[in-house]
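> my questions are about this predicted structure, shown below with the sequence.
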Amino acid sequence: MLRALLVDHILDPHASWACGRFGAIAEFHRDPDEPVDISTEPAIVAATSRGAIRLEVLPDLRPVAYETISSCIESWGQGVVLCLPQEAAAMSGRTVVCELGPDRDAVRPQDRDAILFDLGLGGEQADICVRSADPEAIALLRAACGRPMLENNALVHGLPTLSPHRVFCCRMGRVEVYQPIPAPDGKSPEGPHTHVLPRLLAHGRLNAATVPVPDGWLAGMSLFPAHPLLRADGQPTAFDADRYRAFQSLMKQFGDPDLVAGKQAAFAGSQIESADSDERRHALGFRIGQRQRQWLQEPIAANS
């Protein structure tokens, strides 16, 4: 069942993926008409000219579906974190730049002789790496080995110009990004890209507080199925009922029952008066249900 879920979404160009930790994330997206190489055995792989993803369906892999309140009062967030038990998910946790040698696990054969470097950004569930065959980039990275990346101004300022591939790895797979790194004051490109944000890394969190990773588990990879609200100019304009039903099926199978119950209460027109600490998930579900209810009442059905 889990393999089928992941294969279905790797085939869907409207689904997105992420690998990393709070403050350091690699994202994989592709356009519907973008050339892509996909394979589903033994690993699940998608590769474009802009980036790639590989997923291993490990025996202990556990999906956790969730919904969140978004900043747009008409919308909500949704996703599925892919979790492993902490002892099975733990990566290196390196805290200084390290040379790891040729990246023999690269998704594309042409990248397997390039040199992989761990940037030493710590965290339990992911190794945040870069890869290059460019002598200048390799020399810059080798000179930084043994020291924390964020304390090395030459490396911090030099990497965007040299733009090595970004390779974010976890026990269940990796996301690779081939597009150039934007300038510090630039905008992230469409498609695969990365975010490394020192201000967020300084919090020492593994995941955002809104992401419900179970105690004793780590989530190195996330899936973001296509959202049911279609947008124009950043604003929701139409509701795709098929996408909505598909994600609600995931919520029923892999989501928090208290959150789902809170949504059902909102759909039934119940009034919520207060919620103590034991009822927060129900209260969150109620608020999300209120937002979804307005779209469920609208006679709008858009094609994906």
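Sure, I can see it.
> just the helices in the protein please.
In the chain, helices defined by DSSP state H lie at 2-10, 86-89, 135-144, 153-162, 198-201, 241-254, 257-267, 280-296, listed in chain order.
> for the closest residue to Ile38 other than its chain neighbours, what are its contacts?
Once its chain neighbours are removed from consideration, Ile38 has its nearest residue in Ala46; the separation is 4.9 Å (CB to CB, 6 or more residues apart in numbering). Backbone N, C-alpha and C define where each C-beta goes, glycine included. For Ala46, the contacting residues are Ile10, Phe28, Arg30, Val36, Asp37, Ile38, Ala52, Ile53, taking CB atoms under 8 Å, 6 or more residues apart in numbering as the criterion.
> so which of the helices of the chain is nearest Gly216?
Evaluated over these, closeness to Gly216 peaks at helix 86-89, with 5.5 Å, by CB to CB.
> for that closest one, packing partners?
The contact analysis (3 or more CB pairs under 8 Å, 6 or more residues apart in numbering; DSSP states H and E) places helix 86-89 against strand 217-224.
> tell me which strands the strand it packs on pairs with, and in which orientation.
In its sheet, strand 217-224 lies beside strand 16-21 (antiparallel), strand 76-85 (antiparallel), with partners assigned from DSSP bridges.
> show residues contacting it.
Taking contacts as CB under 8 Å, 6+ apart, the residues outside strand 217-224 that touch it are 6, 9, 15-21, 55, 62-64, 78-86, 89-91, 124-126, 170-173, 175, 206-207, 211, 213.
> my read is that Thr68 contacts Gln78, right?
Yes - in this structure, Thr68 is within contact of Gln78 by CB atoms under 8 Å, at 7.5 Å.
> what about these two, which has more around it?
Neighbours were counted for Thr68 and for Gln78 using other CB atoms under 10 Å; Gln78 has more, 24 against 17.
> could you measure from that one over to Cys19?
Separation of Gln78 from Cys19 (CB to CB, to the nearest Å) stands at 18 Å.
> also Phe28?
Counting by CB to CB, the gap between Phe28 and Cys19 amounts to 8 Å.
> which neighbours do those two have in common?
What both Phe28 and Cys19 touch, as defined by CB under 8 Å, 6+ apart, is the set Ile53, Val175.
> more crowded one of the two?
Taking Phe28 and Cys19 together and counting by other CB under 10 Å, Cys19 has the greater number of neighbours (32 against 27).
> that one and Ser222: what is the separation?
When CB to CB is the yardstick, Cys19 and Ser222 sit 8 Å from each other.
> could you do His282 as well?
Taking CB to CB, one finds His282 at 24 Å from Ser222.
> show me where the stretch 201-304 of the chain dips below the pLDDT cut-off.
Along the stretch 201-304 of the chain, the model assigns pLDDT under 70 to residues 272-278, 298-304.
> count of neighbours near Arg108?
Arg108: 14 neighbours (other CB under 10 Å).
> now it. Its backbone dihedrals?
With angles defined as degrees, to the nearest 10, Arg108 sits at phi -100, psi 140.
> use 554 as the first number from now on
Okay, residue one is now 554; in that scheme the one you just asked about reads as Arg661.
> give the contact list for it.
Taking CB under 8 Å, 6+ apart as the definition, contacts of Arg661 comprise Ala600, Ala605.
> and for Ile597?
Ile597 sits in contact with Arg556, Leu559, Val560, Ile563, Arg607, Leu608, Glu609, Val610, where contact means CB under 8 Å, 6+ apart.
> can you say which two of these are spatially most distant?
Of all pairs drawn from the contacts of Ile597, the widest gap by CB to CB lies between Arg556 and Arg607 and measures 13.9 Å.
> more neighbours, those two?
Comparing Arg556 with Arg607 by neighbour count (other CB under 10 Å), the higher total belongs to Arg607, at 22 against 13.
> how about that one, what does it touch?
Ala596, Ile597, Val598, Val660, Gly726, Arg727.
> give the buried residues for stretch 564-577.
For stretch 564-577, the buried set under the neighbour-count rule, 16 or more other CB atoms under 10 Å, comprises 565-577.
> same check on stretch 791-799?
For stretch 791-799, the buried set under the neighbour-count rule, 16+ other CB under 10 Å, comprises Phe792, Asp793, Arg796, Tyr797, Ala799.
> leaving out the residues flanking it, which one is nearest to the last one?
Yep, that's Ala799 we're talking about. In this structure, Ala799 finds its nearest non-sequential neighbour in Pro778, 6.7 Å apart by CB to CB, 6+ apart.
> that'll do, ta.
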